[in-house]
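Visitor: The following block contains a protein sequence and its predicted model.
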Amino acid sequence: MLQAIVDTQRDIYLAFAEHIKTFANGGGWTAFFAFLPMGIVFGAVHAMTPGHSKAVLATYLTGASAGIGRGLMVSLALSATHVTMAVVIALFSLPLVSVMLGSAGSAPLLEDLSRGLLCLMGAWMLWSACFRPPHVHGEGEGVAVGFMAGLIPCPLTLFVMIFAMSRGVPETGIMFALVMMMGMALTLSSVVLATVLFRTRIEKLLATRHALLAKISKLVEALTGLILVIIAMREIFVR
């Protein structure tokens, strides 16, 4: 299954490279626009591969009180930040590449910043579960989690942007990034729906036991915070 996903991703990526090359050589917009929707498929397939903070997203939504609407906002923030960071780094590559990029497709500084912020968010949730009365997580908190998790730039978007810029057509790379972001958001949204529906189902089963539900909610929030801290610390110190 994973190999099929990787193969599909590679085929679309290589096809996009050819269309960018053709456009740069005077091929016109028609053929490029016709193939552009495949970027949505590419983004959706790409987000199915390991990584992309799916575990962080599911973990946070399990412990938070966010509904489907707010959960989708988190996934959109994650997708937009993940892709936008790659575009920004590519567009400002000369001053930023030597500082932020340790090797092709990696960004150690941004990775550490992302994990550090997630660690702080996890610590906050752990403290909140232990010392604060029951409360509803704000929409801003969820978007912040999405932003933090998405700070790590998308390597493939970065590669496409640099390739497009090297051909003198950065606009094609930006368009690719936009449609790819839509595809990633679709896959991450499915994670949101599955997680929120599962959590809601459990809450309904316990709806008549308010005291027990409150205790379980606190426990889940504490576990969520602890897991976020562990994930962040592991990513920071285990290379």
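Guide: Arrived safely.
Visitor: Arg115 contacts Ala232, doesn't it?
Guide: Yes - counting by C-beta atoms under 8 Å, Ala232 is a contact partner of Arg115 at 4.2 Å. C-beta: built from backbone N, CA, C; applies to glycine.
Visitor: Low-confidence bits of this protein, can you list those?
Guide: Counting by pLDDT under 70, the chain contains low-confidence residues at 1-2, 51-52, 65, 93-114, 125, 129, 132-140, 206-217, 235-236, 238-239.
Visitor: just the helices in it please.
Guide: 2-22, 29-35, 38-48, 54-63, 68-91, 93-100, 108-131, 139-150, 155-166, 170-205, 210-237 (DSSP state H).
Visitor: Redo those as TSV? Include mean neighbour count.
Guide: Shown next, in TSV, are the helices of the chain (neighbours: other C-beta atoms under 10 Å):
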stretch	mean neighbour count
helix 2-22	15
helix 29-35	13
helix 38-48	22
helix 54-63	23
helix 68-91	22
helix 93-100	12
helix 108-131	18
helix 139-150	20
helix 155-166	21
helix 170-205	19
helix 210-237	16
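Visitor: any idea how far the residue nearest the centre of the chain is from Asn25?
Guide: Centroid-nearest residue in the chain, with C-alpha atoms, centre = their mean: Leu78, separated by 3.9 Å. Distance, Leu78 to Asn25, using C-beta to C-beta, to the nearest Å: 36 Å.
Visitor: same question, Cys130
Guide: 62 Å.
Visitor: now Gly71
Guide: Distance of Gly71 to Asn25, given as C-beta to C-beta: 44 Å.
Visitor: Same question for Phe16.
Guide: In this view, Phe16 and Asn25 are 15 Å apart by C-beta to C-beta.
Visitor: And the residue nearest to Met233 when sequence neighbours are not counted, how far from Ile227?
Guide: Leaving aside its sequence neighbours, Met233 sits nearest to Cys119 (C-beta to C-beta, 6 or more residues apart in numbering; 6.1 Å). Separation of Cys119 from Ile227 (C-beta to C-beta) stands at 11 Å.
Visitor: repeat for Ser189
Guide: Ser189 sits 22 Å away from Ile227, going by C-beta to C-beta.
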